[in-house]
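Trainee: Test case, fold it:
(2 chains)
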Number of protein chains: 2
Amino acid sequence: MGIPAVDVRPLSREKLPMATYAVIMAGGSGTRFWPASRMARPKQLLPLGGDTRSLLAATVGRLEPVVPRDKVLVVTAAALADATHRELPGVPIENILAEPAPRNTAPCIGWATRVILARDPDATIVVLPSDHYVANEPEFCKTVERAIAAAKTRAIATIGILPTRPDTGFGYIELGAPIAGGDALEVARFVEKPDLARAGEFVASGRFLWNSGTFFFRAAAMNAAISAHLPDLARGLDEMDRDASALGRVFPTLPSISIDYGVMEKVSREPGNVAVVPGDFGWSDVGSWESAWELGKKDAHGNAVPEGAVMVDAKNNLARVTGKKVVALVGVDDLVVVETEDAILVMPRNRAQDVRAVVDALKSAGRTDKV
Amino acid sequence: MGIPAVDVRPLSREKLPMATYAVIMAGGSGTRFWPASRMARPKQLLPLGGDTRSLLAATVGRLEPVVPRDKVLVVTAAALADATHRELPGVPIENILAEPAPRNTAPCIGWATRVILARDPDATIVVLPSDHYVANEPEFCKTVERAIAAAKTRAIATIGILPTRPDTGFGYIELGAPIAGGDALEVARFVEKPDLARAGEFVASGRFLWNSGTFFFRAAAMNAAISAHLPDLARGLDEMDRDASALGRVFPTLPSISIDYGVMEKVSREPGNVAVVPGDFGWSDVGSWESAWELGKKDAHGNAVPEGAVMVDAKNNLARVTGKKVVALVGVDDLVVVETEDAILVMPRNRAQDVRAVVDALKSAGRTDKV
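Mentor: Have a look, this model is predicted:
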């Protein structure tokens, strides 16, 4: 089944009250969940959040009280469009935006913003990654609503996660002054991933939040920010607006730049433009197999393993296998065991970052069918 | 394909010079190689000896310089007869003896002896387990020939393995006086599996060998020994001799007793009856996954793993998987990883004996399809 060209004709205004749309960024193709994640089956399509839903399906599902499925757009790679749509019953096929080439988040968000603008010039947009986990979904929705409210009076709002440890894997947001009459604060500055010492200072200070990679804005405001700070991107989007058939030709030529560098940083240099809403809803970016173990449902000995697994003197292991295979672990602790149709990985949980070395070795050996 | 009833009619004597036959005992159904070994695929049908041959195929292959395949009989369970025959090209179908029920080694050897006697009353018989490993095959054949020679003048001969460690998993044979004009010695006595202290004394003394479970005898001598020491067994075998169709009815009623207890021990009480030939040919009874690792072909870091496996900071592991699966081990040492069509086992090599606990757990849970 092919994905039809996106229909960018404006709909009748009568049908369109000012509405909130969501843009789910689902173009990822990480290697940190090898062998489960592959080029054709990236992280967001895997059930890594402790239940049977894929991270993508869970993302759309938890947002539903705020943004109904017909207002959810998902931007993904052309090769993943079918699989992405199958994962999301209720999301119209015309809301699946298939990028002809990966161009980072600024073109992704810029394009989706234009598509939504054409449907509703007054739209407010929630941009979320497709591959994060949230434990407390009602609290998440409340926070999203606060961020939407903040976006009414600012160029862009974002959610900052209350840090629970000095993690060096995230960017940080330094808090400015509280914004009167709301739940948001000014953003003093965005800080790149720090070293452990600085991360410790950040967390101890109470003035820093984790950058969650979420964005909240009026469509018109983002469009204006892109025109101001990324004129090359704006010109390409103009061309795509004029000619629906230009996507395949123009999109691959758009500047490959992140929304953080291309827009957020520049917009935030001028005080009063960017607001941050603190979030505390049991968040995880599901960064590795270690996270999958943390989020997984565990037995009395800390084993997150399939039903019917046989554990003999085994603690705190994660196991995932195909079909109804029996997993038997004897005398092992803190292991990750992942079996797929064509690969098996065994490693200690605390070596989860080293999965990359396996993928690199397979690539070096020319075994592209395995990555 | 069914196994025809065994043809016990005597062949023409002209075609039958005094010959050496082999009886391979292949009725085992152990659990120590779960999940690779199953009821329908026991240890002897698995390639556990470091090459692609099953232990059974290797057993018949290494004996070939001494006993050609048309003189090899294999006694196995009815359910395993087809799989056993497929494993042994060149062994005639009428040489596959399918036991209607497992009755331990005395009925197995007694029956095979009768079948061979009917073909050649002067036959000498070599009885071997089907699931052992031998590194030095020429030396093994020399030792077998010495044992065959010893059997010409004794009731029964056996091979005793030169012990390399105080193993408590084997029976021991105490050596008596050397037998003049041969390579054999008298057997002073058979000793059951000792505790570690006694095993240490045995090995240090230089007067003890491991019981290898091999037997060498003239068919007529074994037949006489069974008549003398196991008259119930002899009567049952008589009935099967008289009526080829009696196998299914009579065999399950034969006394379930080992040849060691039922014949060897009794025969050896009278001095001069049993001879032992020392063997030193790199022997293993392939008792557990630990043995499979010891016998396996290893990389520079001691990993016995499939071709194309990706080892990252991993040492001394054993891995076996189905098909062409990539095995990736990261940061793990001394593990056993075994994947089959319906199960995965992960355990430290030194816990190999605890596979039994997994099989017991599966049986207790009623999951007989997995054992």
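
Trainee: Only C-alpha atoms from now on, for both contacts and neighbour counts.
Mentor: Noted.

Trainee: Could I get the average pLDDT for stretch A:288-307?
Mentor: Averaged over stretch A:288-307, pLDDT sits at 95.

Trainee: Ends of it, what's the gap?
Mentor: End-to-end span of stretch A:288-307 (CA to CA, to the nearest Å): 22 Å.

Trainee: is chain B contacted by it?
Mentor: No - judged by CA under 8 Å from any CA of the partner chain, stretch A:288-307 stays clear of chain B, getting no closer than 11.6 Å.

Trainee: tell me which residues in that stretch are buried?
Mentor: Residues A:288-298, A:302-306 are the ones in stretch A:288-307 that count as buried (16 or more other CA atoms under 10 Å in any protein chain shown).

Trainee: Residues contacting that stretch, please?
Mentor: For stretch A:288-307, contacts defined as CA atoms under 8 Å, 6 or more residues apart in numbering or on different chains pick out A:32-33, A:48-51, A:284, A:286, A:314-321, A:327, A:336, A:349-350, A:352-353.

Trainee: Is there a quick ChimeraX command that grabs whichever of those residues are buried?
Mentor: This is how ChimeraX selects the buried members of the contacts of stretch A:288-307, with burial counted by 16+ other CA under 10 Å:
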select /A:32,33,48,49,50,284,286,314,315,316,317,318,319,320,321,327,336,349,352
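
Trainee: residue boundaries of the helices in the stretch 201-350 of chain A?
Mentor: For the stretch 201-350 of chain A, the helices defined by DSSP state H, counting those that start in this stretch occupy A:219-229, A:231-242, A:247-250, A:259, A:265-268, A:289-295.

Trainee: A:D131 is nearest to which of these?
Mentor: helix A:289-295 (11.9 Å; CA to CA).

Trainee: Find the residue at the geometric middle of chain A.
Mentor: Closest residue to the average C-alpha location of chain A: A:P129 at 1.6 Å, with CA atoms, centre = their mean.

Trainee: Give the closest residue to that one in space, chain neighbours not counted.
Mentor: The shortest distance from A:P129 to any non-neighbouring residue, by CA to CA, 6 or more residues apart in numbering or on different chains, is to A:M25 (5.0 Å).

Trainee: Okay, that neighbour and chain B: tell me how far apart.
Mentor: 30 Å (CA to the nearest CA, to the nearest Å).

Trainee: Quickly run through the sheet partners of the helix or strand where that residue lies, with directions.
Mentor: Secondary structure assignment for A:M25, by DSSP states H and E: strand A:20-26. Applying DSSP bridges, strand A:20-26 is found paired with strand A:72-77 (parallel), strand A:124-129 (parallel).

Trainee: May I see these arranged in CSV, with distance to A:G160 and mean pLDDT as well?
Mentor: Shown next, in CSV, are those (distance: least, CA to CA, whole Å; pLDDT from 0 to 100):
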stretch, distance to A:G160, mean pLDDT
strand A:72-77, 22, 97
strand A:124-129, 13, 98
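
Trainee: Residues of chain A that sit close to chain B?
Mentor: Within chain A, the positions adjacent to chain B are A:310-312, A:324-332, A:341-348, A:351, A:354-355, A:357-358, A:361-362, A:370 by CA under 8 Å from any CA.

Trainee: Give me the buried entries from those.
Mentor: A:310-312, A:325-332, A:342-348, A:351, A:354-355, A:357-358, A:361-362, A:370.

Trainee: For A:L80, list the residues it contacts.
Mentor: Going by CA under 8 Å, 6+ apart, A:L80 touches A:G27, A:A40, A:R41, A:A98.

Trainee: Turn those into CSV, including neighbour count and pLDDT.
Mentor: Formatted as CSV, the contacts of A:L80 follow (neighbours: other CA atoms under 10 Å in any protein chain shown; pLDDT from 0 to 100):
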residue, neighbour count, pLDDT
A:G27, 28, 88
A:A40, 13, 83
A:R41, 18, 89
A:A98, 27, 97
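
Trainee: Of the residues you listed, which belong to strands?
Mentor: Among the contacts of A:L80, DSSP state E puts A:A98 in strands.

Trainee: neighbours around A:S29, how many?
Mentor: By the criterion of other CA atoms under 10 Å in any protein chain shown, A:S29 has 17 neighbours.

Trainee: quick one: secondary structure of it?
Mentor: Secondary structure assignment for A:S29 (DSSP: H, G, I helix; E, B strand; the rest coil): coil.

Trainee: Also A:G366?
Mentor: Applying three-state DSSP: A:G366 is coil.

Trainee: repeat for A:L56
Mentor: At A:L56, secondary structure determined by three-state DSSP is helix.

Trainee: Distance to A:L117 added to the strands paired with strand A:20-26, as a markdown table?
Mentor: As requested, the strands paired with strand A:20-26 are arranged in a markdown table below (distance: least, CA to CA, whole Å):
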| stretch | distance to A:L117 |
| --- | --- |
| strand A:72-77 | 12 |
| strand A:124-129 | 9 |
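
Trainee: most packed of these?
Mentor: Compared across these, strand A:72-77 shows the largest average neighbour count, a mean of 26 (mean count of other CA atoms under 10 Å in any protein chain shown).

Trainee: now for the following helix or strand past it, which elements pack on it?
Mentor: Using DSSP H and E, the helix or strand that directly follows strand A:72-77 along the chain is helix A:81-86. With contacts taken as 3 or more CA pairs under 8 Å, 6 or more residues apart in numbering or on different chains; DSSP states H and E, helix A:81-86 sits against strand A:96-99.

Trainee: What helices and strands are in contact with the strand it packs on?
Mentor: Strand A:96-99 packs on strand A:72-77, helix A:81-86, going by 3+ CA pairs under 8 Å, 6+ apart.

Trainee: Name every strand pairing with that strand and say which way it goes.
Mentor: strand A:72-77 (parallel).

Trainee: Can you give the contact residues for the strand it pairs with?
Mentor: Outside of strand A:72-77, the residues that reach it under the criterion CA under 8 Å, 6+ apart are A:21-28, A:60, A:84, A:91, A:95-102, A:108, A:112.

Trainee: again with stretch A:348-368
Mentor: With contacts defined as CA under 8 Å, 6+ apart, stretch A:348-368 is touched by A:31-34, A:288-290, A:317, A:334-336, A:370-371, B:310-312, B:328, B:330-332.

Trainee: Also stretch A:131-141?
Mentor: Applying CA under 8 Å, 6+ apart, the contact partners of stretch A:131-141 are A:26, A:43-44, A:49, A:55-56, A:58-59, A:62-63, A:65-66, A:279-286.

Trainee: could you dump it to CSV, C-alpha only?
Mentor: Taking C-alpha atoms only, stretch A:131-141 is exported to CSV below (Å, rounded to 0.1, in the frame of the first residue of the first chain):
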residue,chain,number,x,y,z
ASP,A,131,9.9,7.0,21.2
HIS,A,132,9.7,8.2,24.8
TYR,A,133,7.9,6.7,27.8
VAL,A,134,5.6,8.3,30.3
ALA,A,135,4.4,6.6,33.5
ASN,A,136,1.8,9.0,34.7
GLU,A,137,-0.3,9.8,31.7
PRO,A,138,-2.9,12.1,33.3
GLU,A,139,-0.1,14.2,34.8
PHE,A,140,1.5,14.2,31.3
CYS,A,141,-1.7,15.5,29.8
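
Trainee: Any buried residues in that stretch, and which?
Mentor: Quick answer for stretch A:131-141 (16+ other CA under 10 Å): A:D131, A:H132, A:Y133, A:V134, A:A135, A:E137, A:F140, A:C141.

Trainee: ok, back up a step: inside strands: which ones of the contacts of stretch A:288-307?
Mentor: Using DSSP E, the subset of the contacts of stretch A:288-307 located in strands is A:S284, A:L318, A:A319, A:R320, A:V327, A:V336.

Trainee: For chain B, state which of the residues you listed is nearest.
Mentor: Nearest to chain B among the ones in strands among the contacts of stretch A:288-307: A:V327, at 4.9 Å, using CA to the nearest CA.

Trainee: what residues are up against the closest one?
Mentor: By CA under 8 Å, 6+ apart, the contact set of A:V327 is A:V305, A:P306, A:G308, A:A309, A:V310, A:A319, A:V321, B:A343, B:I344, B:L345.

Trainee: bridging residues for it?
Mentor: B:I344.

Trainee: Could you check how far it is from B:N303?
Mentor: 22 Å.
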